[in-house]
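Asker: I would like the atomic coordinates for the input below:
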Amino acid sequence: MKKTVLLIALFVITTAAFGQINFEKGTVSEVFAKAKAENKVVMVDVMTDWCVWCVELDNLVYSRPDVYSYANSKQINYKIDAEKGEGIAFKEKYKVEGYPTILFIDGDGNEVDRIYGYYPAAQFKEMMMDYSQKKNTYTDLKAKLEKDPSDVEANFKMADKLLTMDKTDEAKSNYKKIIEVDPDNKYGRTDDSKYMLAEFSDTSVVISNLEKFVAENPDSDVLKDALTSLGDKYNSNRADIATADKWYKEALSKFPNDEQVKISYGRFLNSQARTIGKNEKSTTDDIMRGLSILEMSLPYVKGSTAEAANYYWQSVFYFTLKDYSKSLEAIDKAVKIFDAKLYKEQKEKVEKQLSSK
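Answerer: The predicted structure follows:
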């Protein structure tokens with residue numbers, strides 16, 4: 001066995017290229033062989049080079065010490081591009097349809113469970129720890145609920161899992177069960193369940209339900225989610241910028257150091273600037289206002305892909321103002337953060353203009 005492990009180690013080389021999680025290099029079969037030899041689960045990040053939320057995982061989740069310390073010591077970690085090399089067949093085999101999708105797979109290639117999309121670090125870590133230990137999987141939770149339908153934690157985790165599977169009505173049943181079983185919130189999941197039921201209300205009542213939740217649950221641990229969600233909903237559902245801004249600022253006043261709250265507000269400001277940038281009738285005064293909004297947004301989006309978007313729109317605005325040097329400076333910052341096709345095209349456009357002068 002020692003000889004086998006040594007041979008595998010010669011084939012598979014680790015690197016800390018993304019954040020500080022050590023992602024293995026090597027073929028899929030080599031990585032699975034290493035996992036089997038060490039009796040560990042493989043966490044496979046299925047990504048693409050254009051995926052914004054994949055970059056966000058790298059920057060805001062994988063770089064967290066509590067996340068990478070567990071990942072590096074308790075499991076094997078691997079990244080695979082779904083559109084290149086082995087990733088194409090891998091995506092088909094495991095039926096991956098969106099990015100990022102984080103698969104947890106044993107050394108024999110059997111899927112334990114998966115995380116769909118982006119989750120903030122604390123939630124991601126909780127799921128990662130569960131799945132690397134083969135706990136709280138869909139099969140596991142189903143068995144727990146068959147044994148005890150009133151298990152609050154199992155109901156809550158199952159509801160979250162059902163949402164990722166687009167089974168919203170089933171998830172709502174689990175949330176309602178939690179409220180029925182634990183009306184006094186003894187297990188700390190009743191307020192979360194009330195929030196989720198409000199969040200997944202019909203469009204016609206979602207805002208009023210969220211406002212009711214905020215009024216009735218001022219001390220909830222998911223209050224920040226409800227406040228930022230109200231900002232999102234007023235911005236997208238009603239195009240009511242002033243009221244959206246009010247809810248974001250309330251979230252910031254109550255949670256001034258929360259990373260997700262800050263980024264949510266920064267993205268909201270970015271969206272206002274983007275609206276100006278996409279409007280063909282925008283005047284010079286409008287563009288100057290857009291630049292001012294982007295400047296206001298920048299401290300809130302630092303370290304996220306929204307920072308790259310901020311610089312992109314700065315570049316677009318400076319280009320419109322014919323300040324090509326500032327336009328190039330801004331787009332260079334965007335490309336450095338996220339090497340997206342749109343940003344590279346903008347950079348080429350600016351460089352072409354500068355070279356023609």
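
Asker: how is the chain divided into domains?
Answerer: Segmentation of the chain into domains, based on automatic domain parsing, reads 2-133, 136-200, 257-357.

Asker: and the helices in the stretch 151-300 of the chain, which stretches?
Answerer: Along the stretch 151-300 of the chain, counting by DSSP state H, counting those that start in this stretch, helices occupy 152-164, 168-181, 190-199, 206-216, 223-236, 241-254, 259-278, 284-301.

Asker: how about those helices in CSV, adding mean pLDDT?
Answerer: Below are those laid out as CSV (pLDDT from 0 to 100):
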stretch, mean pLDDT
helix 152-164, 96
helix 168-181, 98
helix 190-199, 98
helix 206-216, 98
helix 223-236, 97
helix 241-254, 98
helix 259-278, 97
helix 284-301, 98
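
Asker: could those go into a markdown table alongside distance to residue 317 and mean neighbour count?
Answerer: From N, CA and C alone the C-beta is placed, and that goes for glycine too. Listed next are those as a markdown table, based on distance: least, CB to CB, whole Å; neighbours: other CB atoms under 10 Å:
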| stretch | distance to residue 317 | mean neighbour count |
| --- | --- | --- |
| helix 152-164 | 38 | 21 |
| helix 168-181 | 40 | 18 |
| helix 190-199 | 34 | 22 |
| helix 206-216 | 32 | 16 |
| helix 223-236 | 21 | 21 |
| helix 241-254 | 19 | 17 |
| helix 259-278 | 7 | 20 |
| helix 284-301 | 5 | 17 |
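
Asker: could these be laid out in CSV, adding distance to residue 96?
Answerer: Output for the helices of the stretch 151-300 of the chain, formatted as CSV (distance: least, CB to CB, whole Å):
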stretch, distance to residue 96
helix 152-164, 13
helix 168-181, 21
helix 190-199, 25
helix 206-216, 30
helix 223-236, 27
helix 241-254, 33
helix 259-278, 25
helix 284-301, 28
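
Asker: quick one: neighbours of the residue nearest to residue 41 when sequence neighbours are not counted, just the number.
Answerer: The shortest distance from residue 41 to any non-neighbouring residue, by CB to CB, 6 or more residues apart in numbering, is to residue 132 (4.7 Å). Number of residues near residue 132 (other CB atoms under 10 Å) recorded here: 21.

Asker: now residue 132. Its backbone dihedrals?
Answerer: For residue 132, the backbone dihedrals are phi -70, psi -20 (criterion: degrees, to the nearest 10).

Asker: I'd say it and residue 43 touch.
Answerer: Yes. In this structure, residue 132 is within contact of residue 43 by CB atoms under 8 Å, at 6.7 Å.

Asker: what's the end-to-end length of stretch 56-69?
Answerer: Using CA to CA, to the nearest Å, the end-to-end distance of stretch 56-69 comes to 19 Å.

Asker: for residue 347, see how far away the closest residue to residue 272 other than its chain neighbours is.
Answerer: Spatially, and ignoring its direct neighbours in sequence, residue 272 is nearest to residue 293 (5.3 Å; CB to CB, 6+ apart). For residue 293, the distance to residue 347 equals 22 Å [CB to CB, to the nearest Å].

Asker: residue 277 versus the residue nearest to residue 116 when sequence neighbours are not counted, what's the distance?
Answerer: Counting by CB to CB, 6+ apart, residue 164 is the residue found nearest to residue 116 once chain neighbours are left out, at 4.2 Å. Applying CB to CB, the value for residue 164 to residue 277 is 33 Å.

Asker: could you do residue 307 as well?
Answerer: Distance from residue 307 to residue 277, by CB to CB: 16 Å.

Asker: please apply the same query to residue 66.
Answerer: Between residue 66 and residue 277 the computed distance is 38 Å (CB to CB).

Asker: would you mark the buried spots in stretch 46-53?
Answerer: For stretch 46-53, burial by neighbour count (16 or more other CB atoms under 10 Å) applies to 46, 47, 51, 52, 53.

Asker: need those in a markdown table (columns: distance to residue 311, pLDDT and secondary structure).
Answerer: Output for these, formatted as a markdown table (distance: CB to CB, whole Å; pLDDT from 0 to 100; DSSP: H, G, I helix; E, B strand; the rest coil):
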| residue | distance to residue 311 | pLDDT | secondary structure |
| --- | --- | --- | --- |
| 46 | 28 | 98 | strand |
| 47 | 22 | 97 | strand |
| 51 | 19 | 95 | coil |
| 52 | 14 | 93 | helix |
| 53 | 19 | 95 | helix |
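
Asker: out of these, who's nearest residue 94?
Answerer: When those are compared for distance to residue 94 (CB to CB), residue 46 comes out closest, at 7.5 Å.

Asker: contacts only, for the closest one.
Answerer: By CB atoms under 8 Å, 6 or more residues apart in numbering, residue 46 lies in contact with 80, 82, 87, 90, 91, 94, 96, 99, 100, 101, 102, 103.
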